[in-house]
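Engineer: What follows is a predicted structure for the sequence shown.
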Amino acid sequence: MARQEDGGGARPVGEVAGRPAGLFVGLTTLDTIYLVRHPPGPDEKIVADDLVVAAGGPATGAAVAFAHLGGRATLVSAVGSGPLAAAARADLAALGIRHHDLRPGEQVLPVSAIMVNAAGERAVVSAHGALPGAAPGAADATRALLTGADVVLVDGHQPDVAVGVLAARRARPTTATAAPASVARTASTSPAGTASPAGWPPVVLDGGSWKPGTERLLPHVDVALCGSAFRPPGVGGDPDEVLRYLLAHGPSFAAVTRGPGPVRWATAQAGGEVRPPAVHAVDTLGAGDVFHGAFAWSIAGSPELTTDALVDALGAASRVAARSVTSFGTRSWLTRGEAPRCG
């Protein structure tokens, strides 16, 4: 059984302990991913060296990673009908992901065309700028999926449904008293608060970018994991400034990722960095989604979401995400024959 090198409280990646359940709310796209030697110029036609067609999107990629690591993933997104939707749905089913469709019977699935060159550089064209909202009554049906969830992840898409689910979370009865938090591992000796009140599944925000409705989600979020492009209104690009904003608007634990650089994290009492492993990156597409899904899996069902456990989960997720970038596309890492590991 592989454990964190620093021996913390995160769930060891690679061990299926009771198959934790995760609920993922957000975006699904159909991604066509081409491996090319260079993007085509004006009026140029090129032949790709490889092609992957797979369901994509932040919440979707996180659900894929969560399921691959041994969890039971339920994805809530708009896929709809038609041949493209059928392809996305078949991909999700093959990976063992349960899907709840927010727009059944309609052709709504966004499509992304992505070109990746040998250096791992990407050119992306997406068609989800006008993402359709959920069908009437979809939020009510989605609330029932919260029952039994050990962790919830939202990606900022479908905010109406996400807010409805998270509001229902607070109506669940508390079944345990809050466990004492550990002392944060920095110069500070002040204890850090637990991320989620006992009896409620913790909520993780995948904050790739600021979206309309993000301000409504933050009060319901326990852990905010944001990329370097995440810019709240009136806040610049300084990670510490972003972390302070997040902690002031709901989450009790926040982190900012910076590609292969250190992950900077903070609570109200402490802060620090987690350094991802150095690897030869072939394709970084979807690495953030893998990171979020692995993090969710590491904390799912944990009886004590202390600062130590959450920092350990950042390290675990970084190692899984690093493995995912060593091959082309968003699916190759799932079938390369290695057991997922933390250490």
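Structural biologist: That came through fine. Numbers count the residues shown, from 1 in each chain.
Engineer: So which other helices or strands are in contact with the longest helix anywhere in the chain?
Structural biologist: Among the segments of the chain that qualify as a helix by DSSP state H, the longest is helix 307-324. Under the contact criterion of 3 or more CB pairs under 8 Å, 6 or more residues apart in numbering; DSSP states H and E, helix 307-324 touches strand 253-256, strand 263-266, strand 271-274, helix 287-299. Placement of C-beta: from N, CA and C, glycine included.
Engineer: could these go into CSV alongside mean neighbour count?
Structural biologist: Listed next are these as CSV, based on neighbours: other CB atoms under 10 Å:
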stretch, mean neighbour count
strand 253-256, 29
strand 263-266, 23
strand 271-274, 18
helix 287-299, 29
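Engineer: could you give me the average pLDDT of the longest helix of the chain?
Structural biologist: Averaged across helix 307-324, pLDDT comes to 95.
Engineer: re earlier: closest to His38 out of the helices and strands packed on helix 307-324?
Structural biologist: Set against His38 and scored by CB to CB, the helices and strands packed on helix 307-324 come closest in helix 287-299, at 22.2 Å.
Engineer: hang on, the earlier thing: now find how far off-centre the longest helix of the chain is within its chain.
Structural biologist: 12 Å (CA atoms, centre = their mean, to the nearest Å).
Engineer: and if you look at stretch 302-315?
Structural biologist: So, by CA atoms, centre = their mean, the centroid of stretch 302-315 is 16 Å from its chain's centroid.
Engineer: With stretch 276-290 instead?
Structural biologist: Distance, stretch centre to chain centre, for stretch 276-290: 14 Å (CA atoms, centre = their mean).
Engineer: out of the helices and strands packed on helix 307-324, nearest to Ala93?
Structural biologist: With CB to CB as the measure, helix 287-299 is the member of those nearest Ala93 (17.4 Å).
Engineer: Pull that closest one out as CSV, backbone CA atoms only.
Structural biologist: What follows is helix 287-299, C-alpha atoms only, in CSV (Å, rounded to 0.1, in the frame of the first residue of the first chain):
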residue,chain,number,x,y,z
ALA,A,287,-3.8,17.7,-15.7
GLY,A,288,-5.7,20.2,-13.5
ASP,A,289,-8.8,18.0,-13.7
VAL,A,290,-6.9,15.0,-12.7
PHE,A,291,-5.4,16.9,-9.8
HIS,A,292,-8.9,17.9,-8.5
GLY,A,293,-10.3,14.4,-8.9
ALA,A,294,-7.3,12.9,-7.0
PHE,A,295,-7.6,15.5,-4.3
ALA,A,296,-11.3,14.7,-3.9
TRP,A,297,-10.6,11.0,-3.7
SER,A,298,-7.9,11.6,-1.1
ILE,A,299,-10.3,13.4,1.3
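Engineer: For my notes, confirm Leu218 occurs in a strand.
Structural biologist: No - going by DSSP: H, G, I helix; E, B strand; the rest coil, the assignment for Leu218 is helix, not a strand.
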